[in-house]
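1. Give me the fold of what follows.
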Amino acid sequence: DSASMATSMATATGGRIPMGTSVGPLAGPTYMIIGDAGAAANPLTGLGLATALETGVMAGDVVGEALDQDSGAALQSYPKLIDDRYGSYYKVGRLTDRIAAQPAVARRLHAALASRPAFADSVLRIAIQHLRGGRGGVPELLYRTARAASIIAPDA
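-> Okay, here's the model as predicted:
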C-alpha cells in the first residue's frame, strides 16, 4: 500500500555540482573520471549534459587506445584532452564566477543584463559557448578579454 511505500522511501538529497574541471586527478593507472564526476559542468551555467557526453566520447576513445595497446598508460592522455578542450574556457568561467560573486558586482551585472538586451545576448553566447570562430563581435571580444585576464591571473 502507499502508506508503507512512503515510509520506505529515502529523503531526497542534493548538493553542489562540481564545475570547471575542479576535481582531479582525472585519470590514474586504472581509472578515468568522466562528466559531472570530473567536474565537467560549465562554470558559467552549471550545465553539464553536453560536456558529460563529450567527455564520455573522449574517454571511450582513450579506453579503446588503452585496449589496443594493452596498457593503461594511454589513460594518462585523457586529462590533456580535457584541458585542451575545456581548459581556457573553464578558467575564464572560474575567474568570472569569482568576480561576479561579489555582491556589488552582481547587482551591477544584473542591472546591465536586465536593461541591455544586446549585452544580455552577448553574455549568454559566452556562457553557452556559442562563439563564432574567425568572426569578431562583442561576445568574442569580451571572451578574448576575459581569456587574457585569466592568463594574467593564473590561479583562477
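
2. Which residue would you name as the spatial centre of this protein?
-> Centroid-nearest residue in the chain: Asn42, 2.7 Å away (criterion: C-alpha atoms, centre = their mean).

3. surely that residue meets Leu49?
-> No: at 9.9 Å, Asn42 and Leu49 do not qualify as touching, with contact defined as C-beta atoms under 8 Å. Heads up, the C-betas are built off the backbone N, CA and C, glycines and all.

4. Please enumerate the strands of this structure.
-> In order along the chain, the chain carries no strands (DSSP state E).

5. how near is the residue nearest to the centre of the chain to Gln69?
-> Distance, Asn42 to Gln69, using C-beta to C-beta, to the nearest Å: 32 Å.

6. any idea how far Ile128 is from the residue nearest to the centre of the chain?
-> Asn42 is 8 Å from Ile128, by C-beta to C-beta.

7. May I ask which helix or strand of this protein has the lowest mean pLDDT?
-> Least confident helix or strand of the chain, by mean pLDDT, DSSP states H and E, is helix 2-8 with a mean of 55.

8. Run through this protein and note the low-pLDDT ranges.
-> Across the chain, residues meeting the criterion (pLDDT under 70) sit at 1-8, 135, 154-156.

9. Identify the single longest helix in the protein, thanks.
-> helix 78-100 (DSSP state H).

10. Report all helices and strands that that one contacts.
-> Using 3 or more C-beta pairs under 8 Å, 6 or more residues apart in numbering; DSSP states H and E, the elements in contact with helix 78-100 are helix 49-69, helix 103-115, helix 138-152.
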